[in-house]
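Asks: Here's a sequence, model it:
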Amino acid sequence: MRIIFLGTTSGVPTKERRLSATAVVYNGELFLFDCGEGTQMQIRKVGLRWGALNRIFISHLHGDHIIGLLGVLMSLQVGGRDSPIFLYGPTGLEEYVQMSIRLMQARIRYELVIKEITPAPFDKGGVVSGGVICDEKNYYVACAPLEHRIFTLGYALVEKDKPGKFNVEKAEQLGIPEGPIRTQIQRGEEVVLDNGTRIFPDDILGPPRKGRRIAYCLDTSPGENAEKLASEADVLIYDGTFFSDEHQTLARKTGHSTWREAAELARKAGVKKLVLTHFSPRYTALEKFLPAFQTIFPEIILASDLMEIEVDIKENT
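Replies: Residues are numbered from 1 along each chain as shown. Now for the predicted structure:
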């Protein structure tokens with residue numbers, strides 16, 4: 001699982017930073033979270049495969065998070081795309097996309113599957129039970145409303161738990177031959193040997209390995225839903241618009257967070273690594289401000305354009 005930051009500023013691009021867009025590569029599939037201006041150029045720079053892009057998640061309809069979307073969709077068309085693209089985002093996303101296509105007289109021949117999320121309240125069970133918008137074999141994606149000036153969604157990409165490690169020594173003791181039968185056990189299936197012995201996965205496998213979790217919460221003030229999405233995340237990608245406590249009033253007025261608030265939320269949520277992004281273009285030399293907030297939460301990284309992070313498979317200890 002690999003995270004690539006394609007754009008890390010807010011409002012307007014700078015010489016060093018493009019507007020918000022983050023890619024995640026997982027099992028050969030490419031996910032895109034937000035799609036600011038210039039996203040298609042950043043995708044080309046890092047050499048991501050257009051054919052791997054299947055799902056695009058839009059947080060909200062402010063221009064710095066969506067203006068690059070039509071460029072991406074048109075690049076897919078020029079590249080000969082023939083399989084569907086799934087778009088997820090707030091109510092209004094479909095109108096924006098379809099109207100833009102119509103006014104530009106663009107030809108999108110592949111299928112666009114647009115799934116809008118309304119501001120309706122989620123179940124009391126939390127974002128996993130109430131906000132799952134995509135449920136696949138190995139992962140699911142959940143969402144929940146954030147605290148911003150307009151209806152805005154945060155997302156969590158969650159890998160489903162994996163079976164435990166295969167105990168080769170025990171398999172040999174039980175007479176389990178190498179080959180497909182061991183693969184079946186590794187997938188969590190029970191099997192019957194030629195001699196009639198029934199083997200259950202728990203006989204051979206160690207305890208399940210917890211899946212990885214990435215949370216994406218931009219353009220938000222701290223809130224309960226952001227904390228739920230971030231709960232025990234391996235990586236929390238979070239709003240870093242304002243670094244200074246002096247800007248807390250402005251952050252609240254505009255629906256953003258300060259770095260202190262981000263660090264405190266990450267600590268409360270049990271996050272392993274916090275990555276701040278969506279920086280105000282008014283700031284330069286951000287690194288010099290970081291140590292003061294690492295006293296609150298040590299594992300903070302400041303995103304930069306084209307930076308990559310590996311999210312390693314969890315091992316039981």
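Asks: drop to CA atoms for contacts and neighbour counts, all remaining ones
Replies: Noted.
Asks: measure F242 to K272 for me?
Replies: Counting by C-alpha to C-alpha, to the nearest Å, the gap between F242 and K272 amounts to 22 Å.
Asks: what about those two, which has more around it?
Replies: F242 (23 against 18; other C-alpha atoms under 10 Å).
Asks: Skip the chain neighbours and tell me the closest residue to that one.
Replies: Spatially, and ignoring its direct neighbours in sequence, F242 is nearest to T258 (4.7 Å; C-alpha to C-alpha, 6 or more residues apart in numbering).
Asks: Thought Q248 was touching that neighbour, still the case?
Replies: Yes - counting by C-alpha atoms under 8 Å, Q248 is a contact partner of T258 at 6.3 Å.
Asks: ok, those two, which is more surrounded?
Replies: Neighbour count, other C-alpha under 10 Å: between T258 and Q248, T258 has more, with 24 against 19.
Asks: ok so, going back, list the residues that contact both of T258 and Q248?
Replies: By the contact definition C-alpha atoms under 8 Å, 6 or more residues apart in numbering, T258 and Q248 are jointly contacted by F242.
Asks: Near the nearest residue to E299 once chain neighbours are set aside, how many other residues are there?
Replies: Computed as C-alpha to C-alpha, 6+ apart, the closest residue to E299 that is not its neighbour in sequence is K273, at 5.1 Å. With neighbours defined by other C-alpha under 10 Å, the count for K273 comes to 21.
Asks: can you tell me the helix or strand for A266?
Replies: If you go by DSSP states H and E, A266 is part of helix 259-269.
Asks: for that helix, packing partners?
Replies: helix 224-230, strand 235-239, strand 274-277, helix 291-294 (3 or more C-alpha pairs under 8 Å, 6 or more residues apart in numbering; DSSP states H and E).
Asks: coming back round to it: the residue nearest to E299 is in contact with D234, isn't it?
Replies: Yes - using C-alpha under 8 Å, K273 is in contact with D234, at 6.0 Å.
Asks: average pLDDT across stretch 294-313?
Replies: The predicted model assigns stretch 294-313 a mean pLDDT of 95.
Asks: same thing with stretch 45-58?
Replies: Per-residue scores along stretch 45-58 average to 96.
Asks: do stretch 177-193 as well
Replies: Rounded mean pLDDT across stretch 177-193 is 85.
Asks: What is the end-to-end distance of it?
Replies: 9 Å.
Asks: and that stretch, how far from the chain's centre?
Replies: 33 Å (C-alpha atoms, centre = their mean, to the nearest Å).
Asks: Flag every buried residue along that stretch.
Replies: By neighbour count on 16 or more other C-alpha atoms under 10 Å, the buried set for stretch 177-193 is I181, R182, I185, Q186, G188, V191.
Asks: Could you measure from the closest residue in space to F293 that isn't next to it in sequence over to V113?
Replies: Closest residue to F293 apart from its sequence neighbours, by C-alpha to C-alpha, 6+ apart: R260 at 6.1 Å. Plainly put, R260 is 39 Å away from V113 if you go by C-alpha to C-alpha.
Asks: do the same with Q294
Replies: For Q294, the distance to V113 - C-alpha to C-alpha - is 42 Å.
Asks: With N167 instead?
Replies: Taken as C-alpha to C-alpha, the span from N167 to V113 is 43 Å.
Asks: repeat for L87
Replies: On the measure of C-alpha to C-alpha, L87 and V113 end up 6 Å apart.
Asks: which of the two has more neighbours?
Replies: Ranked by neighbour count (other C-alpha under 10 Å), L87 and V113 place L87 first, with 20 against 13.
Asks: Tell me which residues touch C217, please.
Replies: L146, L153, G154, Y155, A226, L236, I237, Y238, D239.
Asks: count of residues packed around the second one?
Replies: By that I understand L153. L153 has 29 neighbours, counted by other C-alpha under 10 Å.
Asks: Check A292 too.
Replies: Neighbours around A292, by other C-alpha under 10 Å: 12.
Asks: Which residue, other than its chain neighbours, is closest to L53?
Replies: L30 (4.5 Å).
Asks: next one: A266
Replies: L274 (6.6 Å).
Asks: List the contacts of that neighbour.
Replies: V235, L236, I237, Y238, A263, A266, E299, I300, I301 are the contacts of L274 under C-alpha under 8 Å, 6+ apart.
Asks: Adding distance to M74 and neighbour count, write these out as JSON lines.
Replies: Putting the contacts of L274 into JSON lines (distance: C-alpha to C-alpha, whole Å; neighbours: other C-alpha atoms under 10 Å) gives the following:
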{"residue": "V235", "distance to M74": "31", "neighbour count": "25"}
{"residue": "L236", "distance to M74": "30", "neighbour count": "29"}
{"residue": "I237", "distance to M74": "27", "neighbour count": "30"}
{"residue": "Y238", "distance to M74": "29", "neighbour count": "28"}
{"residue": "A263", "distance to M74": "38", "neighbour count": "25"}
{"residue": "A266", "distance to M74": "37", "neighbour count": "29"}
{"residue": "E299", "distance to M74": "38", "neighbour count": "17"}
{"residue": "I300", "distance to M74": "36", "neighbour count": "22"}
{"residue": "I301", "distance to M74": "33", "neighbour count": "15"}
